[in-house]
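A.B. asks: 3D, please:
(chains A, B, C and D)
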Protein chains: 4
Amino acid sequence: MKTGPKKQVGVIGAGACGEYVKNLAEKVGREIARRGAVLICGGLGGVMEAAACGAKRGGGVTLGVLPGSRREDANPWIDVAVLSGLGHARNALIAQSADALIAVDGEYGTLSEIALGLKMGKPVIVLESRWEIEGVHRAKTPEEAVELAFRLMKEI
Amino acid sequence: MKTGPKKQVGVIGAGACGEYVKNLAEKVGREIARRGAVLICGGLGGVMEAAACGAKRGGGVTLGVLPGSRREDANPWIDVAVLSGLGHARNALIAQSADALIAVDGEYGTLSEIALGLKMGKPVIVLESRWEIEGVHRAKTPEEAVELAFRLMKEI
Amino acid sequence: MKTGPKKQVGVIGAGACGEYVKNLAEKVGREIARRGAVLICGGLGGVMEAAACGAKRGGGVTLGVLPGSRREDANPWIDVAVLSGLGHARNALIAQSADALIAVDGEYGTLSEIALGLKMGKPVIVLESRWEIEGVHRAKTPEEAVELAFRLMKEI
Amino acid sequence: MKTGPKKQVGVIGAGACGEYVKNLAEKVGREIARRGAVLICGGLGGVMEAAACGAKRGGGVTLGVLPGSRREDANPWIDVAVLSGLGHARNALIAQSADALIAVDGEYGTLSEIALGLKMGKPVIVLESRWEIEGVHRAKTPEEAVELAFRLMKEI
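C.D. replies: So this is what the prediction gives:
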């Protein structure tokens, strides 16, 4: 039963997004689950929901770290919900709890998580990112993003 | 696959405890898992470890919300670890994320979680508690504590 | 200009209270200011407002650590406002930032701060407290409470 | 005595910096104080210390929101210290508590604060910034940065 900790991969992105980005996030989530890691996200809609949906379709476990305090704000693919009540400060918890972060597109909230992840020394992989931030790894496909994340994560 | 959110029950208590208290916590964790809820705890030793161990033996899922930022501080029965980095402020996240709280004995940290749970309007059940706090529910056995928690939780 | 850090004393209590308790809190705040310490409180009404009002009347400086993110929620006696956005988790910041804590009456939120203060090894003085918690110091008057706080605080 | 809330301006930047950046931060802090606003910063060294020093030289009040829990980590120019114990999550409190943010150069932590400030709808002014982030206002001198901050802040 005691199998050692699973790796935890964070997927970050905006709470609302178009079909193209949603599709990328879903594939990222599915691939994370297929490789046996827990998916961490912010628990809301958009990229967070698509990634969690993908992870569940891939047979994985999903954690949502929500900004608020209501369970009903979690998207329906969240297995375990942390109702942080911390507002934007919860972004730091996602970055800290992930062994690697994958950003899919994203807005200012995502940028804050990218920056926090880099500050904490985590591997940060970006897909379709508009910003030029030194230290991030650019991927061209969801598969490449997850491949990079697993290659760059520290052994636990 | 989409089965609706599971209930989440928090088990709180000291990071170091004797065999008698450890045994109570283990039974509480096992019973929570047996009834299909996610176990939430602080992720460290003592009551937290015993409850998580019980939950895994009962076939459940365990969430640890740790005060620090190191995965290796989690006890070996934690499936999903939130590395909050928040120190004592993480106590509020445990209270907020739980649909009900069960305190097994406990020190000052536990008392803060009992108080926060009551402030948030959560059912709080205590086993072997030294304090007289209005609003808590006293149980005499682990089974009674979990029975009370499930009876008093709001429907999600 | 550089005069070394001032001591910081936290006054904790409910957000709504009667005249008797308000009067005690006002005297506590005034005495803290008279002795040259910064007053820390939760920044809202009731005991927090009365203590801050007393501190300003005593010529002191007041810090409010608010649970929300709106400046207009601060009571009018707050000089410096931290808009934590952390909800109940902000209680830990008040306990951590104070060199000593004085509780005036209080509800569950106050109890959580008393417990956190004790957990952090801070001197905790209570006036008109309903709970029996080992480790707190009981005072009979505002003057005695502040006298005790200053005697028990660690030298910075 | 009751004069209405003062404006609060955050100065953000790295905990270690060269003389040129330090000099800019000191001038920013002094100008903020001269205009009657409270200076908010992270309370540590580098840009934070230089800005706080400038604010004290300008006759102002300084608030430091520290990541840790030790008063002695605050730089000597901090009047009021919030010992958050939140680690990197404290960055959100600085952004939330400021009516406007001025970034002087900076590393990843600063970038996270810029992003959080923009997410929260605060005016964000940058001096010597290496990143191209839509929505920030670039200033060429400390005086211009503070001038912009005051022009763009919402009336309280």
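
A.B. asks: use CA for all of it now, contacts and neighbours both
C.D. replies: Will do.

A.B. asks: Tell me which stretches of chain A form helices.
C.D. replies: In chain A, helices defined by DSSP state H lie at A:19-34, A:47-57, A:90-97, A:108-119, A:142-152, listed in chain order.

A.B. asks: Would you pull up the residue in chain A closest to chain D?
C.D. replies: Closest to chain D within chain A is A:Ser112: 4.1 Å, counting by Cα to the nearest Cα.

A.B. asks: ok, that residue to A:Leu148 distance?
C.D. replies: A:Ser112 is 21 Å from A:Leu148, where distance means Cα to Cα, to the nearest Å.

A.B. asks: So which of these two has more stuff around it?
C.D. replies: A:Ser112 (29 against 19; other Cα atoms under 10 Å in any protein chain shown).

A.B. asks: So for that one, what pLDDT did the model give?
C.D. replies: Per-residue pLDDT puts A:Ser112 at 98.

A.B. asks: quick one: it and A:Asn91 touch, right?
C.D. replies: Yes: the criterion here is Cα atoms under 8 Å, and A:Ser112 meets it with A:Asn91 at 7.4 Å.

A.B. asks: For A:Leu86, list the residues it contacts.
C.D. replies: Contacts for A:Leu86 (Cα atoms under 8 Å, 6 or more residues apart in numbering or on different chains) come out as A:67-68, C:85-87, C:89.

A.B. asks: now do 7 Å
C.D. replies: A:67-68, C:85-87 (Cα atoms under 7 Å, 6 or more residues apart in numbering or on different chains).

A.B. asks: Correct me if wrong: A:Cys53 contacts A:Glu26.
C.D. replies: Yes: A:Cys53 lies in contact with A:Glu26 (Cα atoms under 7 Å); the separation is 6.4 Å.

A.B. asks: ok, now how distant is the closest residue to A:Glu128 other than its chain neighbours from A:Gly10?
C.D. replies: Once flanking residues are discounted, A:Glu128 sits nearest to A:Asp105: 4.9 Å by Cα to Cα, 6 or more residues apart in numbering or on different chains. Between A:Asp105 and A:Gly10 the distance is 14 Å, computed by Cα to Cα.

A.B. asks: Compare those two (neighbour count), which wins?
C.D. replies: Applying other Cα under 10 Å to A:Asp105 and A:Gly10 shows that A:Gly10 carries more neighbours, namely 30 against 22.

A.B. asks: For A:Ile114, see how far away that one is.
C.D. replies: 11 Å.

A.B. asks: Then A:Leu66?
C.D. replies: On the measure of Cα to Cα, A:Leu66 and A:Ile114 end up 17 Å apart.

A.B. asks: Looking at these two, which is more packed in?
C.D. replies: Neighbours per residue (other Cα under 10 Å) separate A:Leu66 from A:Ile114, with A:Ile114 holding more: 33 against 27.

A.B. asks: Please give me every residue in contact with the more buried one.
C.D. replies: Going by Cα under 7 Å, 6+ apart, A:Ile114 touches A:Val124.

A.B. asks: Mind doing that once more with 8 Å?
C.D. replies: Per Cα under 8 Å, 6+ apart, neighbours of A:Ile114: A:95, A:101, A:103, A:124, D:112.

A.B. asks: most surrounded residue in these?
C.D. replies: Ranked by the number of neighbours (other Cα under 10 Å), the contacts of A:Ile114 place A:Ala95 first, at 33 neighbours.

A.B. asks: List the contacts of that residue.
C.D. replies: Per Cα under 8 Å, 6+ apart, neighbours of A:Ala95: A:10, A:101, A:113-114, A:116-117, A:120, A:122.

A.B. asks: 10 Å instead?
C.D. replies: A:9-12, A:40-41, A:101, A:112-122, A:124, B:82-84, D:88 (Cα atoms under 10 Å, 6 or more residues apart in numbering or on different chains).

A.B. asks: And A:Cys53, by the same measure?
C.D. replies: Contacts of A:Cys53 (Cα under 10 Å, 6+ apart): A:25-27, A:29-30, A:47, A:59-60, A:62, A:75-78, B:1-2.
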